[in-house]
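Engineer: Build me a structure from this.
(2 chains)
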Number of protein chains: 2
Amino acid sequence: MSLVRVHNFAVSLDGFGTGEGQSLETPFGHAGSRLHQWFFPTRAFREMQGEAGGSSGVDDAFAKTWGPGIGVEIMGRNKFGYQRGPWTDEEWKGWWGDNPPFHTPVIVLTHHPRPVIEMAGGTSFHFLDASPAEALDAARELAPGLDVRIGGGASTIRQFLAADLVDQMHVAVVPIVLGRGERLWDGLEELEQRFTIESVSSPSGVTHLTFTREGSSPT
Amino acid sequence: MSLVRVHNFAVSLDGFGTGEGQSLETPFGHAGSRLHQWFFPTRAFREMQGEAGGSSGVDDAFAKTWGPGIGVEIMGRNKFGYQRGPWTDEEWKGWWGDNPPFHTPVIVLTHHPRPVIEMAGGTSFHFLDASPAEALDAARELAPGLDVRIGGGASTIRQFLAADLVDQMHVAVVPIVLGRGERLWDGLEELEQRFTIESVSSPSGVTHLTFTREGSSPT
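Structural biologist: Prediction:
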């Protein structure tokens, strides 16, 4: 059975997965790049960018688990771009550049479907108005037998957690207080009862948490 | 200069320092004892209870720092007891038993002052209607030259942090999602800019965070 996985999702001490005020220039709103300072130096991130070098410590070990086994990603619309409501600019193809780092099909959840966008490097964006369970079915049709990554943002992951559809989750808790934005943990009281949780802190100051759903293990 | 310190303050992943619905039977509301499971087995806690034995690992190392150097504690009224508004039962002397674990003067912040209560073992409860800065002045008069512990709860610590009166803080992040209660981090955006923060996770699953105020060091 293919697994549903979350990787490298960063939250502040106060539980925000992104800041307030997303725009074209500020994908994470007032959070800027503060949630991802631990991630940028890693070898895994630099590889995604097509660059050499990078760190190979604890942060990189977690960052690396992002890709292997994944056949498709599901993301919320705000991870694709800053536009809200009906698409007014279909020329703009999202924040991810001409050769996005996914290299798989990506399902973008939106109430405003539009035609598939084929990008270089194997990434294609599929716009779907669907519940988490429906999106998961569609994902598995796009990549039979492979794992599905829930890419974020916070509200997308929260919805999949609320529907109990996540098997494995890696969250990086960053020691900053954002104060406002979108919270990951809201509405998930007693989430810990469904998961085995481990934590390890890294020299970067980040604490990596892994959530493994009770009873979920690869076959 | 005496330092202002916070120790062993536990919060959930979603930042709650206590649950909802405090009562005589449930000092932490619906959180029950879930925020403190890491603390109870430690040698430090057992000593506070007048018991022998206990663990001596990472959790205990942090728990132990609670006492040394402290001359007085400041706590919010809800850490003393469950009554709200004017005191209707002055016979009840708080949750802490006949021989409270503090063994120092304790300032209880309340809008309803009442006479000092002298307890066995050196603890005395002083009820004060005061701002954080005023309470700190009063604390230093009660224990000249010694450090002041801010004992909690969440809103009391938050007020001292907001007033930039805390020099050192130890927070234990417990991997549970409480969902509701009293948040520690609210209103403290960019708190990290005033502190050096370190983190270490313990085999119990808790992550210990230490906050050291920039420029604060014992003389």
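
Engineer: If you count contacts, what does the helix or strand that residue A:8 is a member of end up packed against?
Structural biologist: Using DSSP states H and E, residue A:8 falls within strand A:4-12. Helices and strands touching strand A:4-12, as assessed by 3 or more Cβ pairs under 8 Å, 6 or more residues apart in numbering or on different chains; DSSP states H and E, comprise strand A:16-18, helix A:58-64, strand A:147-152, helix A:154-162, strand A:168-174. Using the backbone N, CA and C atoms, a C-beta is placed for each residue, glycine as well.

Engineer: ok, now with 7 Å
Structural biologist: With contacts defined as 3 or more Cβ pairs under 7 Å, 6 or more residues apart in numbering or on different chains; DSSP states H and E, the packing partners of strand A:4-12 are strand A:147-152, helix A:154-162, strand A:168-174.

Engineer: in the second one, what's buried?
Structural biologist: Using 16 or more other Cβ atoms under 10 Å in any protein chain shown as the test for burial, helix A:154-162 gives A:154, A:155, A:156, A:157, A:158, A:159, A:160, A:161.

Engineer: What is the nearest of those residues to chain B?
Structural biologist: Of all the buried residues of helix A:154-162, residue A:161 has the smallest distance to chain B: 9.6 Å, by Cβ to the nearest Cβ.

Engineer: Which pLDDT value goes with the closest one?
Structural biologist: Among the per-residue scores, residue A:161 holds a pLDDT of 98.

Engineer: excluding its backbone neighbours, what's nearest residue A:74?
Structural biologist: residue A:107 (4.6 Å; Cβ to Cβ, 6 or more residues apart in numbering or on different chains).

Engineer: Using the three-state scheme, assign the one you found.
Structural biologist: In three-state terms, and counting by DSSP: H, G, I helix; E, B strand; the rest coil, residue A:107 is strand.

Engineer: If you tally nearby residues, what's the number for it?
Structural biologist: Around residue A:107 there are 22 other residues, counting by other Cβ atoms under 10 Å in any protein chain shown.

Engineer: so what's it up against?
Structural biologist: Residue A:107 sits next to A:72, A:74, A:126, A:128, A:135, A:138, A:139 when contact means Cβ atoms under 7 Å, 6 or more residues apart in numbering or on different chains.

Engineer: Now for these: which two are most distant?
Structural biologist: Looking at the contacts of residue A:107 by Cβ to Cβ, the two members farthest from one another are A:72 and A:128, with 11.6 Å of separation.

Engineer: between the two, who's got more neighbours?
Structural biologist: Here residue A:72 and residue A:128 are compared on neighbour count by other Cβ under 10 Å; more neighbours surround residue A:72, at 26 against 16.

Engineer: The more buried one belongs to a strand?
Structural biologist: Yes. Applying three-state DSSP, one finds residue A:72 inside a strand.

Engineer: so how many other residues sit close to the residue nearest to it when sequence neighbours are not counted?
Structural biologist: Of all residues not flanking residue A:72 in the chain, residue A:143 sits nearest, at 4.1 Å (Cβ to Cβ, 6+ apart). For residue A:143, the neighbour count with other Cβ under 10 Å is 16.

Engineer: where does residue A:128 fall, phi/psi-wise?
Structural biologist: Phi and psi for residue A:128, reported as degrees, to the nearest 10, are phi -140, psi 130.

Engineer: Do you know the pLDDT at the residue lying closest to it once chain neighbours are set aside?
Structural biologist: Here the nearest residue to residue A:128 in space, its sequence neighbours aside, is residue A:107; by Cβ to Cβ, 6+ apart that works out to 5.3 Å. Confidence at residue A:107, expressed as pLDDT, is 98.
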